[in-house]
Each structure stands twice: as structure tokens, then as C-alpha cells.
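Asker: Pasting a predicted model and its sequence here:
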Amino acid sequence: MKALCWHGKKDIRYDTVPDPKIEHPRDAIIKMTSCAICGSDLHLFDGFMPGMEKGDVMGHEFMGEVMEVGPENKKLKVGDKVVVPFTICCGECEQCRRGNFSVCETTNRNKDLADKVFGHTTAGLFGYTHLTGGYAGGQAEFVRVPFADVAPVKIPDGLSDEQVLFLGDIFPTGWQAAVACDIQSTDTVAVWGAGPVGQFAIRSAVMLGAKQVIAIDRLPERLSMAKAGGAITINFEEESVIERLQQLTKGKGPEKCIDAVGMESHATHAIDGLYDRAKQAVMLETDRPHVLREMIYVCRPAGILSIPGVYGGFIDKLPMGALMNKGLTVRTGQTHVNRWTDDLLQRIVDGQVDPSFVITHTASLEQGPEMYKTFRDKLDGCIKVVLKP
Ligand code: NAD
Ligand code: ZN
Ligand code: ZN
């Protein structure tokens, strides 16, 4: 089959790889109808994430048709249309039973690696680092879904791929980021980053009844989309983020702050060499505003910092004194996708939200390598790319 494979920093190729096969009786094989490129894929593309190997199949946002099911899989049947959450979960361990699916204790087949680097195992993820299991991803014609009797979301007839594809990641991610803010009707919610995740965080904060939502980015097309979603916008290249946020909150600061940027705005220390904590290389220095420092500084005391943005290694010089003395709460993590999918699918069916608003580019899988560059460099007004294998 054809697939987009990682070959190193800024090197994604359209390769021929072996077709996946059922390896366990609970597995399923899915034939992709649509997949997408996520901001998290860019961390792999940029080489910020340790634990990638040449030839790894990329992609963790995908959906399609069930082609084959293992004999113990009682949930799926051939022909079902499914969206597959990026977090692989077993449904049975203590964390899954608590709804903490992204820290499932069972599904990461490289538990020892995760344990070494994170102190505990975390769930297996598709198309991501070997720290999270190194499972082949869904930017491909076919994918093997392990534990396929748990996470896949069956899609009712009458909905387009574009309406439901993002249930596997960025819609629940933006939603969880907003829910983590415990939004009150008097709250101002400030969202750093108006990429796809930021866009869903903004719309979720509006749906959850925030008094005021403020979006921060530098790209005019992303700020316009945020405005259409109900946000007031700040262009961080044109004005002071801190001053403007204070002005918009009568000097008090936003009660709730969301980091939908992640490591691209920071001096990020990734772990150079998987197993060696001592060897840390400075992977990136930017002259952009430092999102976490801005959030800690401007957030109203007793407020909440919600961090869906992904970090891969170490971050230096966080103002812990401000964080502590202001009594801020920090909430973060990979999204517990299945905690939210029933509710969000129902909102789509009811017509309350149509996630396809975020798509600016549709291309073939073969055009994937070029689309990575377009999305990475924000060329041609690109906000979200959908690929059709
Ligand atoms: P993206 O790269 O398209 O968007 C990031 C946006 O941040 C860009 O529009 C960029 O201009 C903006 N930005 C950069 N520096 C900034 C700054 N200093 N202040 C304000 N804005 C700034 O990516 P995306 O797809 O929207 O993903 C965003 C983040 O969410 C990534 O880190 C991604 O890995 C993460 N993510 C997390 C989860 C999860 O489960 N927690 C799931 C999906 C994505
Ligand atoms: Zn993602
Ligand atoms: Zn589990």
C-alpha cells in the first residue's frame, strides 16, 4: 500500500510499504477514506520529538471503512464507517475505567521506554514516537487498529467525512481544553494559537458560555476565522499581548488561559537520544513571545491554565513564583478522546456545530509531502489539510 513515511527532519515521503494485517483477535483493518495533518505531526516533521525511526508511517487523524475484523472483535463489522481516535485505549485498565484514556496502562507496547522518559507509561498513539508505542499511522491507504473493539467511533449514515473526521483529535482536543477551564458565565478565556486546535478551543469556549473569548496569533486568516467563531483577536506581531489582555479585562487579566501553541514558541529542550536524560540538546530558539510565561504572568489570580499544546522535552525559566503565589491551576495532557466523542458527535448530528469550517486544503495522499510544507509554513492561507488516499 501507499503511505506517508518519516525519514528524518523535514523529510516525509510517499512510500510503498507492506499492507497491515490482523495481528490480534481484537484488531480491525480500516481502509482510509480521509485523513488529516495535525500540528502534532509538525513536531515530528520539525524533528523536535525523540523516538522516531526511519520509515515510520505518519498520521493520527483518520477515518474510513472497516475492511476486516479479528474474531474476538464484537463491536465492528465489515463495512462500518468509523472515525479512529488517536489515543489507543483498552477500556479495561484502571485509567480507562476512570475515563483517563490517554494514559491507558495497557496499550503502549514500548512501556519501558515511556517509563524511562516520563516516569510512567502512557497510552499507545498512532503515527507518533516509539515512546508512545510506535504504531503505524493513518496517513496511508490502510491501517491496523489495535484494541479496535474499544475506541473507534461508528458514524451514522448521512454525515460527510469532513463533518466527522476531526472527532478523532482536534475537536475533542479543543473541547477538553475548554472544559478544563471550568468556564463560568463571567469568565474571559484567552486562547494562544489560532491553529486548528485553537479554533476548536475558541468555539468550545463560546459554546460553554464564556463571557468573552480572545484569540492570539499573528496570521490574519487564522485571526479572521477566530473572529467568525466569536472571538476578539490580538495580533502578537502588532500589539502587546499582555497590555491588550489587561485592557480587555479592566486590568484584572483573563480568568482562564489556553495554550494551543505548544513547543513551537519556546526554547525547547528535546531529549537527544532516547535513553539518556543527561544529554539534552537545545533544539529550538525563537524570538516569539513565550506563551507559557505570558499566560502565567497575565492570568488572573486563582485562574486556570489549560495546556493542550504539546511539549516533548524540557522548558526552562518558567516563573514558578508567579504561578505559585497567584494560586494558578495547570491542566494539560494528550486528549482523552473517547470521553467526549458521544457528546460531540451528537452536537454534529444536531447541527449545533460543523467542524468542516476549519478545512482550507484538500489533496491526494500523494501530495502529502508537499502539503506538510504548506501546513508547516502556513503557505497559501493554509489552516487545515485533509488528504484523500
Ligand atoms: P498549528 O501549528 O497549526 O497552530 C499553532 C498556532 O500557534 C499557529 O497559528 C501559530 O501562528 C500560533 N503561534 C505560534 N507562536 C505563537 C505565540 N507566541 N503566541 C500566539 N500564537 C502563536 O497547530 P495545531 O494543529 O493548531 O496544534 C496546536 C498544538 O496543539 C500543537 O502543539 C499540537 O501538537 C497540539 N495538539 C495537542 C493535542 C492533545 O491531545 N493535547 C492534540 C492535537 C494537537
Ligand atoms: Zn493531533
Ligand atoms: Zn486502558
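Answerer: Sure, I can see it. Ligands and ions are numbered 1, 2, ... in the order given.
Asker: The residue in the stretch 151-300 of the chain that ligand 2 sits nearest to and Cys38, how far apart?
Answerer: Across the stretch 151-300 of the chain, the shortest distance to ligand 2 (CB to the ion) belongs to Asp169, at 4.2 Å. Bear in mind the C-beta positions are built from the backbone N, C-alpha and C, glycine included. Per CB to CB, to the nearest Å, Asp169 is found 6 Å from Cys38.
Asker: now swap in Ile242 and tell me
Answerer: If you measure Ile242 against Cys38 using CB to CB, the figure is 29 Å.
Asker: Pick out whichever of these two has more residues nearby.
Answerer: A count of neighbours by other CB atoms under 10 Å puts Cys38 above the other of Ile242 and Cys38, at 28 against 15.
Asker: Check that one and give its pLDDT.
Answerer: Reading off the per-residue confidence, Cys38 sits at a pLDDT of 98.
Asker: Need the nearest residue in space to it, chain neighbours excluded.
Answerer: Spatial nearest neighbour of Cys38, excluding adjacent residues (CB to CB, 6 or more residues apart in numbering): Glu61 at 5.3 Å.
Asker: Just list whatever residues bridge to the one you found.
Answerer: Here Glu61 shows beta-bridge partners Ala36, assigned using DSSP bridges.
Asker: For Ser160, which non-adjacent residue is closest in space?
Answerer: Excluding its sequence neighbours, the residue lying closest to Ser160 (CB to CB, 6+ apart) is Ser356, at 7.2 Å.
Asker: hmm, back to that, burial count for the residue of the stretch 151-300 of the chain closest to ligand 2?
Answerer: Neighbours of Asp169 under the rule other CB under 10 Å: 28.
Asker: Quick check, it in contact with Phe62.
Answerer: No: Asp169 lies out of contact with Phe62 (CB atoms under 8 Å); the separation is 9.4 Å.
Asker: joint contacts of those two?
Answerer: Common contacts of Asp169 and Phe62, defined by CB atoms under 8 Å, 6 or more residues apart in numbering, comprise Ala36.
Asker: Establish whether the longest helix seen in the chain and ligand 2 are in contact.
Answerer: Taking DSSP state H as the criterion, the chain has its longest helix at helix 196-207. No: in this structure, helix 196-207 remains apart from ligand 2 according to CB under 5 Å from the ion; the gap is never smaller than 7.8 Å.
Asker: and what of stretch 81-89?
Answerer: No: between stretch 81-89 and ligand 2, judged by CB under 5 Å from the ion, nothing touches; the nearest distance is 5.7 Å.
Asker: From ligand 3, how far out is Cys104?
Answerer: The gap separating Cys104 from ligand 3 is 3 Å, by CB to the ion, to the nearest Å.
Asker: now swap in Ala123 and tell me
Answerer: Applying CB to the ion, one obtains 7 Å for the distance of Ala123 from ligand 3.
Asker: Kindly report the same for Val189.
Answerer: The span separating Val189 from ligand 3 equals 31 Å under the rule CB to the ion.
Asker: Provide a list of residues in contact with that residue.
Answerer: Contact partners of Val189, counting by CB under 8 Å, 6+ apart, are 178, 181, 183, 205, 210, 212-214, 254-258.
Asker: give me that answer again for 6 Å
Answerer: For Val189, the residues meeting the contact criterion (CB atoms under 6 Å, 6 or more residues apart in numbering) are 181, 205, 210, 213, 256.
Asker: Please identify which helix or strand holds the third one.
Answerer: With elements delineated by DSSP states H and E, Ala210 resides in a region that no helix or strand encompasses.
Asker: what's across from the nearest residue to it once chain neighbours are set aside in the sheet?
Answerer: Ranked by CB to CB, 6+ apart and with sequence neighbours excluded, the top spatial neighbour of Ala210 is Val189, at 4.6 Å. The partner list for Val189 in beta bridges (DSSP bridges) reads Val213, Lys256.
Asker: Right, I'll leave it there.
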